[in-house]
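Novice: Model the structure of this input:
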Amino acid sequence: MKKYTILMVLVFLLFSPTISHGQDWYFKPSANHKPATTEPEYAALLNKYDGIFIGETHKKVIYLTFDNGYEAGYTGKILDVLKQKHVPAAFFITGHYIMDQPKLVKRMYKEGHIVGNHSWSHPDLSKINDEKAKIELEKLKMAYTELTGDTMMNYVRPPRGTFSERALKLDKEEGYTTVFWSAAYKDWVRDDQKGADYAYDHIMKRMHPGAILLLHTVSKDNAEALGRVIDSLKKQGYQFKSLDDLMAQKTLPKYFR
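Specialist: Just a heads-up that it's a prediction; the model follows:
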C-alpha cells in the first residue's frame, strides 16, 4: 500500500500542469482563420484559475483589448473610433498611465469601456513575492477608484505577458480574471511603425472566431487602421463584445446558447 501511494504521488508530480517559474505567454496561430491555440499546460492552468485567452470558438465574436503603459498621443483617436463604431474594448493601464493621463482614463470609463489592471509599475509578477504583487495590483486599483469612483476592477493582464502558477493563483485570490490573448502582432515598438496598411493586414491575418485581440495604443499604425479593421470584420459577420459578455457566457452558459 505504501509503495502504491508513493507511486501515485510521483505520477501526479510528473503529469500535473504546474508552472512554478516564470513563463512567457504565447499563442499558436492557425491557418485559414481557424482558432489559435496555446500549450496544453498553459490552457490547463488558465482553466484551473479561471483565466482566459480566447472566447467561444464557434461564434464570430471579437474581444478587443489594449495595453496602455504610457501615452504616445493616439489613445484619443482610438476612443473616437470606438465611439463612432459603437465597439466596446478593455484598456489595461499602469500606474504611470493613470497618473499621467487621468482624463483619458476617465473617458474610457465614462464611455463604457472596461479598465483593467496592468499593475502599478509593470514588473514581472512571476518574479516578485506575493506581498509585493498584491501591492502592485491594489495600488493601481485604489488610484482608479479614487479617480473614477468605480470600485469594479475585475480583469488583470500580466505585465510583459509573463506568468506562473503562483501568480495566476494570486490573481484569482485577489478577485481578478487573468486575461491573455489569442491574436496580436509586434505593434509596440514606436520607432518601427510601418503604416496603417501593414497594421490592417497583420491584424486581419490573425482574426478568428472568439479572438481576444491584443493591441498597444502607442502604435500610430493601429490608430489609423482600427476603423477599417472594425468595418471589415463586421462585413465578415463578426460582432465586437466586451470581456464582461464573455465571462457572463462562461458563468451562465445556458442563457447564451
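
Novice: Now residue 170: which helix or strand?
Specialist: Residue 170 is part of helix 165-173, with elements assigned from DSSP states H and E.

Novice: Surely residue 99 is in contact with residue 144?
Specialist: No: using C-beta atoms under 8 Å, residue 99 makes no contact with residue 144, being 11.0 Å away. To be clear about C-beta, it is placed using only N, CA and C from the backbone, and glycine gets the same treatment.

Novice: If you count surrounding residues, which of these two has more?
Specialist: Taking neighbours as other C-beta atoms under 10 Å, residue 99 and residue 144 compare with residue 144 leading, 23 against 12.

Novice: State the mean pLDDT of the one helix or strand the more buried one maps to.
Specialist: Here residue 144, judged by DSSP H and E, is contained in helix 130-148. Over the span of helix 130-148, the pLDDT mean works out to 98.

Novice: Tell me the helix or strand right after it.
Specialist: Counting by DSSP H and E, the next helix or strand C-terminal to helix 130-148 is strand 155-156.

Novice: so after that next one, what's the next helix or strand?
Specialist: Assigned by DSSP H and E, the successor of strand 155-156 is strand 162-163.

Novice: hmm, who's touching that next one?
Specialist: Strand 162-163 has contacts (C-beta atoms under 8 Å, 6 or more residues apart in numbering) with 19, 22, 23, 24, 25, 124, 125, 126, 127, 178, 180.

Novice: Adjacent strands (with direction) for it?
Specialist: Strand pairing for strand 162-163, determined by DSSP bridges: strand 23-24 (antiparallel).

Novice: Centre of the chain to the helix or strand following the strand it pairs with, how far?
Specialist: Using DSSP H and E, the helix or strand that directly follows strand 23-24 along the chain is helix 40-48. Remark: helix 40-48 is offset 16 Å from the chain centroid, using C-alpha atoms, centre = their mean, to the nearest Å.

Novice: In the sheet, which strands lie alongside the next helix or strand after helix 40-48, parallel or antiparallel?
Specialist: Using DSSP H and E, the next helix or strand after helix 40-48 towards the C-terminus is strand 61-68. Strand 61-68 pairs in its sheet with strand 90-93 (parallel), strand 211-216 (parallel), strand 239-240 (parallel), by DSSP bridges.

Novice: That'll do, ta.
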